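S.K.: model this:
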Amino acid sequence: MKRIILASLCLLLLLSASLLPISLPSSLAKSSLVSGTNSSTLDHGGKIETKYDGFNHETVVMLKKMRITCGAKGLQSALDQACVSFSASLHCPGVQLNYVRYAKLQLIFETKDWNERHPLEERELFVVADSERLRLGRMELVTADVTSAQLLNEKKEVLEVSVSYAIFNKIARGETIEIKVGKSVFALQEKNLAALRDLNNRVKF
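M.R.: Residues are numbered from 1 along each chain as shown. Next up, the predicted model:
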């Protein structure tokens with residue numbers, strides 16, 4: 001009788017153990033996260049990817065190109081017909097998400113009728129995060145090209161700047177964000193702010 005009871009208890013313990021969730025060590029879980037590509041799209045509509053860049057020995061968490069505004073609405077600029085988008089990335093040395101070495105911000109201007117771009121002297125980037133004015137420095141020209149689609153020339157200019165994580169953190173946690181580069185002035189929409197917060201939450205700060 002005792003043997004039957006003991007066997008029953010052992011069987012019950014084995015079944016209970018099989019139902020418990022299996023948790024990996026944090027180091028293994030983190031390595032599996034950054035070894036491939038981890039992408040997600042939440043309600044904000046932005047797409048965030050996590051990749052390990054073996055050439056630069058860093059883990060990059062990137063918010064892909066996301067639309068801010070199109071046309072004159074919300075865009076106080078001579079470029080009334082421009083569509084403005086942005087992307088952002090966090091660069092963590094090695095295979096980890098605990099420390100961000102720096103962040104990159106890109107602004108993409110697209111239009112079908114655009115004779116004036118942002119010349120060198122009009123690439124200073126300013127951001128107002130809530131009530132704090134931040135000067136982020138001169139943006140660099142990444143690309144400036146013209147593509148033909150359906151017999152219409154589409155012109156695109158991509159400007160980029162690198163900032164410290166402390167600056168990016170202020171922007172990502174802001175309730176209202178206004179951006180000025182050259183004559184272009186616009187504000188991030190709520191979905192843009194939600195995407196930046198989501199990006200920021202992928203690392204430990």
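S.K.: what sits against Lys191?
M.R.: Each residue near Lys191 by Cβ atoms under 8 Å, 6 or more residues apart in numbering is listed here: Asp43, His44, Gly45, Gly46, Met66. No exception for glycine: its C-beta is placed from N, CA and C like everyone else's.
S.K.: Confirm it sits in a strand?
M.R.: No: according to DSSP: H, G, I helix; E, B strand; the rest coil, Lys191 belongs to no strand; its state is helix.
S.K.: where does it land on pLDDT?
M.R.: For Lys191, the model assigns a pLDDT of 97.
S.K.: ok, now how distant is it from Leu63?
M.R.: 12 Å (Cβ to Cβ, to the nearest Å).
S.K.: ditto for His44
M.R.: Applying Cβ to Cβ to His44 and Leu63 gives a distance of 10 Å.
S.K.: Overlap in contacts, the two.
M.R.: Common neighbours of His44 and Leu63 (Cβ under 8 Å, 6+ apart) are Ala195, Asp198.
S.K.: okay, those two: which has more neighbours?
M.R.: Shown here are His44 and Leu63; by other Cβ atoms under 10 Å, Leu63 has more neighbours (25 against 20).
S.K.: Buried residues in whichever strand or helix holds the more buried one, which are they?
M.R.: Take DSSP states H and E as the rule and Leu63 turns out to sit in strand 58-70. Along strand 58-70, these residues count as buried under the neighbour rule (16 or more other Cβ atoms under 10 Å): Glu58, Thr59, Val60, Val61, Met62, Leu63, Met66, Arg67, Ile68, Thr69.
S.K.: likewise stretch 45-56?
M.R.: Gly46, Lys47, Ile48, Thr50, Lys51, Tyr52.
S.K.: Return the subset of the residues you listed lying in strands.
M.R.: Lys47, Ile48, Thr50, Lys51, Tyr52 (DSSP state E).
S.K.: any idea which of those residues is closest to Ser131?
M.R.: The closest of these to Ser131 turns out to be Ile48 (Cβ to Cβ; 28.0 Å).
S.K.: Touching, that closest one and Ala195? I think so.
M.R.: Yes: with contact defined as Cβ atoms under 8 Å, Ile48 reaches Ala195; the gap is 7.4 Å.
S.K.: Return every residue with contacts to both of these two.
M.R.: Here Ile48 and Ala195 have Leu63 as joint contacts, going by Cβ under 8 Å, 6+ apart.
S.K.: for this structure, what spans make up the helices?
M.R.: 2-19, 26-34, 165-172, 190-200 (DSSP state H).
S.K.: of all those helices, which has the lowest average per-residue confidence?
M.R.: Looking at those, the bottom one is helix 26-34 with a mean of 43.
S.K.: Phi, psi for His44 please.
M.R.: Note on His44: backbone dihedrals following degrees, to the nearest 10 are phi -70, psi -20.
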